[in-house]
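# Let me see the structure of the following:
(chains A and B)
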Amino acid sequence: MKTQITGFGCVCSLGDNISEIRQNLFKPVSEISFLDRFESSFAGDYPVFQVSQKILSQKDETESYSFLFLKTALDEALKNADLRPEDLKGARVGAVIGTSVDASFNCFDFYKEWRAGETVSSLDPFNKYVHYSAAKEVLNYLGAADGISQTVVTACAAGTDAAGIAAEWIENSICDVVIAGGTDELNLIPFTGFIKLMIASKERSRPFDENRNGINLGEGAGVLIMESAEFAAGRNAKKAGFVLGYGNICDGYHQTSPEPSGKGMKKAVEIALNQSGLKTGDIAFVNAHATGTEDNDSAESAALNEVLNGVPVTATKSKTGHALGAAGAIEACLTLICLNEQKIPAAENFQTADKKLNLIPVLKDTKITGGKAAVSDSLGFGGCNAALVLAGREYDPA
Amino acid sequence: MNRIFIKNSGFADNTRSVNDFFDIKRLRRIDGLSKLALCAAAKTLYNTDISLEEEKNDIGLIIATGRGSVKQTCNFMDGIIDGGDVLASPLAFSHSVHNSIETSITVLLNMRGPCLTVSQGGSSFSSAAVTAKSWLMSGKCKYVLLGAADEEHPVMSKEYEDEIVKKECAAFFLLTLEETPDELIVENIKPDDFNPSLYAFELAVKTGQLMTKDGARRIAEDFVKAALAERKRDAMSVFERKNIPELMQIPDEGEKQKIFDGIKILCSIDGGKDLNAQTAGEECFKSMQKHNKITFSTSGSTGIPQNCVHTRDMVKEEVGAVTFLFENIERVISTVLSHHSYGFIFSLQMPERLNLPVLSYPPAPVLQWDKNLKKGDLLVTFPLFLKYLMQLDFKFPPGVTVLTSTAPMPDELMENIYKNGAQRVIEIYGASETGAIGFRENPGSSFFLLPCWTYKEENRMIKSISRKSTPLQRDLPDIVKLKGDRVFSVDGRIDKAVQVAGVNVFPSKIEKLLRQHSMVKDAIVRLGQERLKAFIVLQKGVSEKEARASLHDYMETVFTVHEIPKPLTFGDKLPVTSFGKKADW
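Residues are numbered from 1 along each chain as shown, chains lettered A, B, ... in the order given. Got it, this is the predicted structure:
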């Protein structure tokens, strides 16, 4: 697999665009924030990573925050790829978007009013939910409604899966251009749900630390424009990176916990590596899923120690929070930034090594000295394991 | 662009059969939508050569769900509304995640390959099919199990109560690049955002195998039972034997071969194939999977024995046309054999379509039958059995529906069945050639034409009927008078001609004329070895010798040479099958 990425865009707590994120990715996060967008008795206790007020304030009443983030990242990706809607005429266009909140019935205020037996002022929130799909909206936004769309909902692996499937659609000649990405917003349902599952942390998340105690939720979107070699060459598109491999494997183990030995994740990484034709030594670093939960970090480190032993591991969720269905797409963008900058950012908040994990993440920003590609992986609820092998713009596909 | 094909499909709109596939303990924490999907997915794999238990690495799983487990999302929100966020249920949250269906399936069906869940309203299924194709094309997996599952949305159920057809359903397709009769084409699906999985459900109903493994075994067993019962005085003893090897413990090799030859015709098995008691059921399944048809052999009571071929599409159309009659049924109790058209549809195919459990019992009329029946049951049976039950003054438990064939049945019998407690009596009018044509529920009333048929009439008589969706067209074997647009009465049979030395003759006309002879009490006439033969019951006190002489002269006078039956067989009563139908001799 050598799918060309011609542009990417991102919005998350690190910044409103790639340029801001590039600046902040290699600095420690100094501030923590708490939710004030919706009512929750937990709001003051659990830190979150929010998109800037500047972006949040742009929300139109008719759209979700998730779509606002997606649109923001999409605009940037299109601009970076120098791709205009008119370039898509006659092309086979696809959109694959991962999400969690944006595909769910999360109209809490509407539901509360409706359930109370009151005459709801309008069924609009419900109807919008019934007819809405993030991926279809992307095509509509591009004026390519006849294209193929797919909204992927493999929980926390959705963003990685979306990018992988988009690359497969290009490789298998299903599409000439695919908009891939993920988007999610902070929302009462997952915020409460993760707390009730006792996997949310009241402190800053500490991936792979012996005293790790859970995730911090985040939000945002990442979008990658992928094009077939012919289509990209036809319009003289520039290179922003490559997807070289994608593997996804299910654990078939448990509703919320990963298979403890990490064999599903190991297999997903192996498949992605095989597809890329690269060896362990070619991998400069891993941007791990690294949620900071007991079970996830344990299974993931077991897998990485086996299949990518000795490869530096970073944990960007310690800087962005866990953006659920968007996480994989945001992390793919961050991985591309790292490859293009030739730097690996430090994982934050790590203090004590866990002997059981045998994995210490990168603790200071580190220059890439070897390896031409990186692995970005995700573990989703229900045992969804997904891994991408990504290369930067300097990679020579020949 | 590669084409993808359906190796098998399965569907479910209720979860009745989920315990047939999975240990109940493993289902304890599984939500309703996942159970629905598990039913359909397990059925899809079970009827192939893929083991449910073994770990599966080369099968990809893709779930399309328009809304996911929305009831669990609402449950979770209910918890917050009722008790505050501190009391919200973590279990409801974990089940509310869109890919919880995928998880349940990978865990319970031991799938360890690539997996994905797609959710985008009414286009979820067609979108998921694109990635299924992509995975097969790239060789990522050998098969893809593509499924669709959705449940009713509580808000939609109330707010759109009268406007939208709501259906909770799941459907799965085992997809492959190997060519099968069913290609998966999803390009022109019109998205239905309110019923996202309905299209897939209807497609699975249409494309599913004609026969399940268990069903194929059962029709082969029933064929053997019927063949043996015809030859035995104590026919009921045959029904006590459970399987083909047990049934086929008969010394006569010629008889065995004849039975296997019949099974070959029934299931379209190659004539040169060697069948034995151990393999017959499996061979039936394989052959019906390949040929997608069943051949019913008529008894020949109306003339020459015939083979009536029913393709999968014909069977599915018929089943689709009768299911509305059984909406409140919870279980099927069968006394009929499944290798005949009536038993095949009503004790095998219809229950499969409605996911109803089936229990079979020998048609022995005893008062203890009430132990076999309970509220919500459908008793699939035939008039002779019901007649014997009524003679015993059998009382039906409350809430039992009786389904009977061979319409029209005597009004008095139907009245008695109602009088003795049956909640509903449904009488099916049909034939092996056509399958079910119409039904009625009251003695003396007219029949209603089933929705799968159109008809041609002449002078308010239905002359021929045609299926709406399949190329099945037949002249009716009976005199059928129209009483309304789709309402009719059955007023007797139209005689059928048979050919003797190339000349049309009418066995029923000859029977009628034989019965007019003073020494003859009753008679059956059929085509024998190239000419007609007759079985005659004489009036009391008449000797066979004097009857032979008299009949010879009589027949020479009233019949043409082609009409004269030879040989004549005499007996105390007409030969009938264990189900009361006229039999051969």
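
# Run the contact check for stretch B:27-43 versus chain A.
Yes - counting by CB under 8 Å from any CB of the partner chain, chain A is contacted by stretch B:27-43 at B:R29. C-betas here are computed from N, CA, C, even on glycine.

# Rounded mean pLDDT for that stretch, please.
Stretch B:27-43 comes out with an average pLDDT of 94.

# Dump it to CSV, restricted to CA.
What follows is stretch B:27-43, C-alpha atoms only, in CSV (Å, rounded to 0.1, in the frame of the first residue of the first chain):
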residue,chain,number,x,y,z
LEU,B,27,-26.3,-14.3,26.7
ARG,B,28,-27.0,-12.8,30.2
ARG,B,29,-25.5,-9.4,29.6
ILE,B,30,-26.3,-9.2,25.9
ASP,B,31,-28.8,-6.5,24.9
GLY,B,32,-31.8,-7.1,22.7
LEU,B,33,-30.4,-5.7,19.5
SER,B,34,-27.2,-7.8,19.8
LYS,B,35,-29.3,-10.9,20.4
LEU,B,36,-31.3,-10.2,17.2
ALA,B,37,-28.1,-9.8,15.3
LEU,B,38,-26.7,-13.0,16.9
CYS,B,39,-29.7,-15.0,15.8
ALA,B,40,-29.3,-13.9,12.1
ALA,B,41,-25.5,-14.2,12.1
ALA,B,42,-25.5,-17.7,13.7
LYS,B,43,-28.2,-18.9,11.3
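
# now it, how far from the centre of its chain.
Mean-position distance between stretch B:27-43 and its chain equals 25 Å (CA atoms, centre = their mean, to the nearest Å).

# Could you do stretch A:365-374 as well?
Here stretch A:365-374 is found 21 Å from its chain centre; the criterion is CA atoms, centre = their mean.

# same check, this time on stretch A:171-180
That offset, for stretch A:171-180, works out to 19 Å (CA atoms, centre = their mean).

# cool, stretch B:150-161 as well?
32 Å.

# Check what contacts the helix or strand hosting B:L228 and list those residues.
In this structure, B:L228 sits in helix B:213-230 according to DSSP states H and E. Contacts to helix B:213-230, defined as CB atoms under 8 Å, 6 or more residues apart in numbering or on different chains, come from residues B:46-47, B:211, B:235, B:238-239, B:241, B:243-244, B:247-248, B:250, B:258-259, B:262-263, B:266-267, B:280-282, B:284-285, B:288, B:294, B:337-340, B:343-344, B:348-349, B:352, B:360, B:577-578, B:583.

# Please flag which of the residues you listed sit within strands.
Members of these lying in strands (criterion: DSSP state E): B:294, B:360.

# I would like a PyMOL command selecting only the buried ones among the contacts of helix B:213-230, please.
Only the buried entries of the contacts of helix B:213-230 go into this PyMOL selection, using 16 or more other CB atoms under 10 Å in any protein chain shown:
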select buried, chain B and resi 46+47+211+235+238+239+241+244+247+248+259+262+263+266+267+280+281+284+285+288+294+337+338+339+340+343+344+348+349+352+360+577+578+583
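
# Tell me which of the contacts of helix B:213-230 fall in helices.
B:46, B:235, B:238-239, B:244, B:247, B:258-259, B:262-263, B:266-267, B:280-282, B:284-285, B:288, B:343-344, B:352 (DSSP state H).

# Next one: the residue lying closest to A:A180 once chain neighbours are set aside relative to B:K387, how far apart?
Nearest residue to A:A180 in three dimensions, chain neighbours excluded: A:A166, at 3.3 Å (CB to CB, 6 or more residues apart in numbering or on different chains). Note on A:A166: its distance to B:K387, by CB to CB, to the nearest Å, is 69 Å.

# For chain A, which helix or strand comes out least confident on mean pLDDT?
Ranked by mean pLDDT, DSSP states H and E, the weakest helix or strand in chain A is helix A:124-131, scoring a mean of 88.

# So in chain A, which helix runs the longest?
Per DSSP H, chain A has its longest helix at helix A:65-81.

# neighbours of residue 382, just the number please.
No chain specified, so I'll use chain A. 32 (other CB atoms under 10 Å in any protein chain shown).

# not quite, I wanted chain B
22.

# Touching, it and B:H340? I think so.
No - using CB atoms under 8 Å, B:F382 is not in contact with B:H340; the gap is 9.8 Å.

# before we move on, back to that, who has more neighbours out of A:A166 and B:K387?
A:A166 (31 against 17).

# Could you export the strand or helix carrying the more buried one as PDB, CA atoms only?
Using DSSP H and E, A:A166 maps to helix A:158-171. C-alpha atoms of helix A:158-171 as PDB (Å, rounded to 0.1, in the frame of the first residue of the first chain):
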ATOM      1  CA  ALA A 158     -13.000   4.700  14.400                       C
ATOM      2  CA  GLY A 159     -10.600   7.500  13.300                       C
ATOM      3  CA  THR A 160      -7.800   5.000  12.500                       C
ATOM      4  CA  ASP A 161     -10.200   2.600  10.800                       C
ATOM      5  CA  ALA A 162     -11.600   5.500   8.700                       C
ATOM      6  CA  ALA A 163      -8.100   6.400   7.500                       C
ATOM      7  CA  GLY A 164      -7.200   2.800   6.800                       C
ATOM      8  CA  ILE A 165     -10.500   2.100   4.900                       C
ATOM      9  CA  ALA A 166     -10.000   5.300   2.800                       C
ATOM     10  CA  ALA A 167      -6.500   4.100   1.800                       C
ATOM     11  CA  GLU A 168      -8.000   0.700   0.900                       C
ATOM     12  CA  TRP A 169     -10.600   2.300  -1.300                       C
ATOM     13  CA  ILE A 170      -7.900   4.100  -3.200                       C
ATOM     14  CA  GLU A 171      -5.700   1.000  -3.400                       C
END
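
# For B:L449, list the residues it contacts.
B:437-438, B:455, B:465, B:486-488.

# ok, which of the residues you listed also contact chain A?
Of the contacts of B:L449, not one also sits near chain A (CB under 8 Å from any CB).

# Of all pairs in those residues, which one is the farthest apart?
B:I465 and B:V487 (14.0 Å; CB to CB).

# out of the two, which sits in the more crowded spot?
Neighbours were counted for B:I465 and for B:V487 using other CB under 10 Å; B:I465 has more, 21 against 15.

# Tell me the bridge partners for that one.
According to DSSP bridges, the residues that bridge with B:I465 are B:Y455, B:R474.

# For B:P191, give me the pLDDT.
At B:P191, pLDDT is 88.

# Done for today, thanks.
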